[in-house]
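>>> What follows is a protein structure lacking sequence information:
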């Protein structure tokens, strides 16, 4: 139906007869002379409609009408520098209307359209050049990832979407079975078991870009279905998996953004990351390290701190360069932030004209203040803020403050990339609500060999053979070496509070599989949506998903989820419980 | 952990020190001299274990143990022609056991293992070289398809798995929503609406290799979840879609099998296909055409046929070359087949030594027999079978008999490929059970322009702008030009018996989308599992799926579907209806 894309025409095509198809982006009637900006996937070209019969057709057109135009590519008297095709236009010899268009619900160029409206008319909103570009970057990224793994001997294997529910970790989406009434499938939270079984089966290197599902209460950056780059390898240790994962990410950024990430990616121990950056996904595009100054607050005289320290708490400080003149108003905002992150309040120390002053000067000795100032190497004009709390509170709180100040003081440069591996995670964490140990990563993660013997004795001390890949403060991937011996896997289940019967009921076939000759193996999974968002330079992953859902897991476009017919429920042998 | 794959070692590696990892495929103890066949993904190498310390370790090994071997590649005194690596072996200097292995449930080389057992131990069964190879062919086919579409300007877009249920066609799998209790998502039977919306959004060319779901009573070759190559294009007519689809299939067979399919693929009209081959997915690897001989049976004297003809039935014949001496026993089998396909029985005509004889000679005139014989150009030794029934019965029945005889008489050559496009389908078919018109393909298919005016008047006469791609008797793809005008789409819904309210309720957002400027568009979808089965030369698609389900949609490996916890149901606000 066409000979060329509008947006790809150039002065090389001068004199050619072309047939174009696309949408009316804009139409201008200059008293008889009509100009149409015709748009397709590749861009816009101006159509010059000569006076006469065609003018009549052109006058029927409206925005977003879909038309076909035949004509000749000619030079434009006055080039339009805003368009790639601005030095040419097409002199129309025929115009056919394929589809009229209702008045769009809003204009794509309008900056302040609510996301609700945009999601409802997603098929229209997707005409935005930014969204078109994001989805093309997404497709390019997929291609890059796949060709990398293909070239490195990984075999792409599709794993089932309808699987068994094994509620361990997040909530499963479940699917009632019609043939086996009363039974359900679950949608995969990840193909974890399948990829390990592929290692048992001897596939050696597996990958898949795959949809995964979690029925969680959604945060802003979560979707009920998300896309994962899933990888598993046999006969490997941590470094083997990390090396090839790092190489993939480097190639991806090269191919999609022509950006060279700094290699090798630094490695950071989990505990160090928490102490220095207050986060297990630290943003290393800026420094602003946390400094623990607890030792200066043993019976310092400042009751608030002394008390916390006595209970085993820590005092943590941040140095804000050149902020000694901070306004009262800003300080109030910071105090509010601190409270939001669970702190009682912030203490300040200022150095001005070589003099130290502090909000707690009247409680503590000048030596204490001096010690802290020395520890932070304060210079004139610097401001130090500090606070005390239990370690579970103070480090994450200061991690959040650290990021807040970095944004506040523009410490983050554009187009800067700071990847880092975080390693040395604990295997277990204590879950207060469930009153039991849960897996920090997932229950198939192996402890380091030296800690196998203390697995059941002191679970809190056991380190995992796990690694997370963090980029600019986002966890973009995580993986581990797995338990390839069924005895070790059973012990982990036991620490997690699964009785032998429960373990057999839930994972029996999997534990059995491990006994038929399982290679040592490990892998990694990457959050593809987040990676694409980083590649596109957007914060919201909905901007890189064609048809996303809202934070209540609804699609505003098609109205799903929606009621189904009584017949459907009857066939499935289920009914809806009347809510109170 | 290793330097080389076992199966990739060759005489080029002679003298090298290597570290290998893999499974013990076989172990032979020749009185002190122990030989291990070590297997990995790429093949088998013989390990020569010298007498001494290592013999003790080697003697602990059993089949399928996972080990690591270090040693030197040496020449084998007596080459083993059965192995690719048969001229070399590795003289072991160390052996480490990674995992012992229980006695496997059966031997992979055992030919008669039940499919049930094989599916239960799928992780073990996948070690079969045939399955390993099938899944590698599958991965290769994916790669080929994707690079074809990437190279042709198609954009890969992921569409949602959690969507709205629109029960039209097969049954949906549905997913209860926890956040919106009483509401459900559906899993896609195909991304049909999404891909059309991507055309509305101006993506112009879309593709995706995507999982789809149908909750149907399964036939042998169906899976509840299956993989589809999904394609859509804007500003196209039938031939544009067919041409590029055909090119993709040709490239796929070239790249994966190094086979050149005959091009261009022939086109066959639906009615012709039914009349000549008794099927809308005819196997053209052999001819054996059906011949309609109704006209010779007007008051022929053979009551059985005359009666059918009077009611509007047809008499159809098949010529079986050189089968005039068919045994009574074979004929009985054929009669049984004919009954199974809904026929009353088969009539035979034989030509032997220039004499015609028939099972109905005493009822009909010799001229009638002679006319049929002439119509089928019978030669000495030929046998003709014929039967009469209504057209809806007789053609499919003879279509089935045609395929049965082709197999019976070995008319199908190995490695023969007969692709064909079937076109000219009706848009609607009458559904007797539901007492309404249903869509032959799906409700978004466009009628041919000439038939738009008779759409509601004589639905039975309306032809669709649809096309199926058939290969060796398998429908491997199907598609159509869609209704891009919402008025036309509404008319089609109306013929299908959807009231305006129902259409609005089910497809309202979609009909609205069509009004905002929709390009003419069309597409196609291919059954990827079936294509891979053809590429692998297997009949059963379970042989090309890593973790398939049985015909009752169950996974024998993980026992899904399975009951879920009361807590899960409670959170979802549903309960199981007690079955009577």
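That came through, no problem. Keep in mind the model is a prediction, meaning the values are calculated, not measured.

>>> how about the helices in the stretch 301-450 of chain A?
A:303-310, A:328-340, A:366-375, A:391-408 (DSSP state H, counting those that start in this stretch).

>>> Just the buried positions in the third one, please.
Within helix A:366-375, the residues that count as buried by 16 or more other C-beta atoms under 10 Å in any protein chain shown are A:368-369, A:371-373, A:375. For glycine as for every other residue, the C-beta is placed from the backbone atoms N, C-alpha and C.

>>> My guess is residue A:459 contacts residue A:495. True?
Yes: with contact defined as C-beta atoms under 8 Å, residue A:459 reaches residue A:495; the gap is 5.1 Å.

>>> so what's in contact with the two at the same time?
Among the neighbours of residue A:459, those also in contact with residue A:495 (C-beta atoms under 8 Å, 6 or more residues apart in numbering or on different chains) are A:428, A:437.

>>> Quickly compare the helices of the stretch 301-450 of chain A and say which is most buried.
Among the helices of the stretch 301-450 of chain A, ranked by average contacts under mean count of other C-beta atoms under 10 Å in any protein chain shown, first place goes to helix A:391-408 (a mean of 20).

>>> quick one: strands adjacent to whichever helix or strand residue A:25 is part of?
Counting by DSSP states H and E, the element that carries residue A:25 is strand A:17-30. Paired strands of strand A:17-30, with direction, are strand A:33-40 (antiparallel), strand A:66-75 (antiparallel) (DSSP bridges).

>>> Could you say which of these is packed most deeply?
Ranked by mean neighbour count under mean count of other C-beta under 10 Å, these are led by strand A:33-40, which reaches a mean of 21.

>>> What's the first helix or strand after it?
According to DSSP H and E, the helix or strand after strand A:33-40 is strand A:43-49.

>>> partner strands of that following strand, parallel or antiparallel?
Sheet pairing for strand A:43-49, assigned by DSSP bridges, gives strand A:33-40 (antiparallel), strand A:88-99 (parallel).

>>> Can I get the ones you listed in a markdown table including mean pLDDT?
Converted to a markdown table, the strands paired with strand A:43-49 look like this (pLDDT from 0 to 100):
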| stretch | mean pLDDT |
| --- | --- |
| strand A:33-40 | 94 |
| strand A:88-99 | 96 |
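
>>> Contact partners for the residue nearest to residue A:213 when sequence neighbours are not counted?
Distances taken as C-beta to C-beta, 6 or more residues apart in numbering or on different chains place residue A:187 nearest to residue A:213, at 3.9 Å, with adjacent residues excluded. Contact analysis of residue A:187 by C-beta under 8 Å, 6+ apart lists A:161-163, A:172-175, A:212-213, B:161, B:175.

>>> which of these lies closest to residue B:137?
Of all these, residue B:137 sits closest to residue A:161, with 21.9 Å by C-beta to C-beta.

>>> how many other residues sit next to that closest one?
23 (other C-beta atoms under 10 Å in any protein chain shown).

>>> Run a quick check on residue A:43 versus residue A:6, I expect a contact.
Yes: in this structure residue A:43 lies within contact range of residue A:6 using C-beta under 8 Å: 6.1 Å.

>>> Common neighbours of those two, please.
Counting by C-beta under 8 Å, 6+ apart, the residues touching both residue A:43 and residue A:6 are residue A:85.

>>> and the closest residue to chain B within the stretch 251-400 of chain A, helix, strand or coil?
As assessed by C-beta to the nearest C-beta, chain B sits closest to residue A:255 within the stretch 251-400 of chain A, at 12.9 Å. Taking DSSP: H, G, I helix; E, B strand; the rest coil as the rule, one finds residue A:255 in the helix state.

>>> Check what pLDDT it gets.
You'll see residue A:255 listed with a pLDDT of 98.

>>> thought it was touching residue A:145?
No: look at residue A:255 against residue A:145 with C-beta under 8 Å: they stay out of range, at 9.4 Å.

>>> For the stretch 201-350 of chain A, what lies in contact range of chain B?
A:201-205, A:211, A:213, A:215, A:217, A:224-225, A:227, A:234-237, A:240 (C-beta under 8 Å from any C-beta of the partner chain).

>>> Just the angle for the longest helix seen in chain A relative to helix B:129-151, thanks.
When chain A is scanned for its longest helix (criterion: DSSP state H), the result is helix A:129-151. Orientation note: helix A:129-151 sits at an angle of 150 degrees relative to helix B:129-151 (axes from the mean of the first three to the mean of the last three C-alpha atoms, to 10 degrees).

>>> give the contact list for residue A:89.
Residue A:89 is in contact with A:35, A:45-48, A:73-74, A:76, counting by C-beta under 8 Å, 6+ apart.

>>> Which residue ranges of the stretch 401-550 of chain A form strands?
For the stretch 401-550 of chain A, the strands defined by DSSP state E, counting those that start in this stretch cover A:419-423, A:428-431, A:436-439, A:466-471, A:474-481, A:521-527.

>>> Switch those strands over to CSV; also include mean neighbour count and mean pLDDT.
Shown next, in CSV, are the strands of the stretch 401-550 of chain A (neighbours: other C-beta atoms under 10 Å in any protein chain shown; pLDDT from 0 to 100):
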stretch, mean neighbour count, mean pLDDT
strand A:419-423, 21, 98
strand A:428-431, 16, 92
strand A:436-439, 18, 92
strand A:466-471, 24, 98
strand A:474-481, 22, 97
strand A:521-527, 24, 98
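
>>> For chain B, which of the ones you listed is the nearest?
Chain B lies closest, by C-beta to the nearest C-beta, to one member of the strands of the stretch 401-550 of chain A: strand A:521-527, at 10.0 Å.

>>> what's the angle from that closest one to strand B:88-99?
In terms of direction (the same axes, to 10 degrees), strand A:521-527 departs from strand B:88-99 by 70 degrees.

>>> Other residues contacting strand A:521-527?
Residues from elsewhere that reach strand A:521-527 (C-beta under 8 Å, 6+ apart): A:190, A:195-196, A:199, A:206, A:226-238, A:240-242, A:245, A:446, A:465, A:467, A:469, A:475-482, A:484.

>>> try it again with 7 Å
A:190, A:195-196, A:199, A:226, A:228-234, A:236, A:238, A:241, A:245, A:476-482, A:484 (C-beta atoms under 7 Å, 6 or more residues apart in numbering or on different chains).

>>> For it, what is the distance to the chain centroid?
From the chain centre to the centre of strand A:521-527 is a distance of 16 Å (C-alpha atoms, centre = their mean, to the nearest Å).

>>> what do you get for stretch A:349-364?
That offset, for stretch A:349-364, works out to 42 Å (C-alpha atoms, centre = their mean).

>>> show me the contacts for the closest residue to residue A:174 other than its chain neighbours.
Closest residue in space to residue A:174, ignoring its immediate chain neighbours: residue A:184 at 4.3 Å, by C-beta to C-beta, 6+ apart. Counting by C-beta under 7 Å, 6+ apart, residue A:184 touches A:165, A:174-177, B:561-562, B:564.

>>> Distance of residue A:184 relative to residue A:549?
22 Å (C-beta to C-beta, to the nearest Å).

>>> Buried subset of the residues of the stretch 201-350 of chain A next to chain B as a PyMOL selection?
Filtering those down to the buried ones (16+ other C-beta under 10 Å) takes a single PyMOL command:
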select buried, chain A and resi 201+202+203+204+205+211+213+215+224+225+227+234+235+236
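
>>> partners of residue A:49 in the sheet?
Per DSSP bridges, the residues bridged to residue A:49 are residue A:34.

>>> which regions of the stretch 1-150 of chain A lie under the pLDDT threshold?
Regions of the stretch 1-150 of chain A meeting the criterion pLDDT under 70 are absent.

>>> Kindly recompute the last result at 90.
A:29-33, A:51-53, A:77-84, A:86, A:109, A:111 (pLDDT under 90).
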